[in-house]
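Asker: for reference, the sequence and a predicted model appear below.
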Amino acid sequence: MGKIFLWIGAVSMAIFLAKTQLWTSDTYGPFVEGCMKGDNVTEERCECLGKYVHKHFSDNEVKAIMAQQLEGAFGEKVREVVAAGSQACLTP
């Protein structure tokens, strides 16, 4: 019986560590801050857009977006996702 609780504890710890270390985004905060510098924006809309963009792109892709490295098909995909996200975040 003790081994079961030990395994449950180990699995719970592994899930916690994976969630806090791997699933947190280093680019979410800077992306929202950059969004807030725009005209006619609210914090709520920028957070919504940040979540939307991070759902569709990896952290490395978001870094490229923030560095304005938007060439070719990637740039087109970014424009489409940002346009769709902006529209979706008008009425969250």
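Answerer: On my side now, so go ahead.
Asker: ok, longest helix in the protein?
Answerer: helix 2-22 (DSSP state H).
Asker: buried residues in it?
Answerer: Residues of helix 2-22 include none that count as buried (16 or more other CB atoms under 10 Å). For glycine as for every other residue, the C-beta is placed from the backbone atoms N, C-alpha and C.
Asker: give the other helices and strands that that helix contacts.
Answerer: If contacts are counted by 3 or more CB pairs under 8 Å, 6 or more residues apart in numbering; DSSP states H and E, helix 2-22 sits against no helix or strand.
Asker: could you point out which element follows it?
Answerer: Per DSSP states H and E, helix 2-22 leads on to helix 28-36 as the next helix or strand towards the C-terminus.
Asker: what's that following helix in contact with?
Answerer: With contacts defined as CB atoms under 8 Å, 6 or more residues apart in numbering, helix 28-36 is touched by 41, 43, 45-47, 49-51, 53-54, 62, 65-66.
Asker: tell me the average confidence for that helix?
Answerer: Helix 28-36 carries an average pLDDT of 88.
Asker: okay, buried residues for whichever helix or strand comes after that helix please.
Answerer: Heading C-terminal from helix 28-36, the first helix or strand you meet, by DSSP H and E, is helix 43-56. Across helix 43-56, burial judged by 16+ other CB under 10 Å covers 45, 46, 47, 48, 49, 50, 51, 52, 53, 54.
Asker: now the longest helix of the chain: average pLDDT?
Answerer: In this model, helix 2-22 has an average pLDDT of 78.
Asker: now do stretch 67-75
Answerer: Stretch 67-75 shows a mean pLDDT of 91 in the predicted model.
Asker: need the contact list for residue 43.
Answerer: Neighbours of residue 43 in contact, by CB under 8 Å, 6+ apart: 32, 36.
Asker: can you give me how far stretch 54-71 is from the chain middle?
Answerer: Stretch 54-71 has its C-alpha centroid displaced from the chain centroid by 10 Å (CA atoms, centre = their mean, to the nearest Å).
Asker: could you do stretch 83-90 as well?
Answerer: That offset, for stretch 83-90, works out to 15 Å (CA atoms, centre = their mean).
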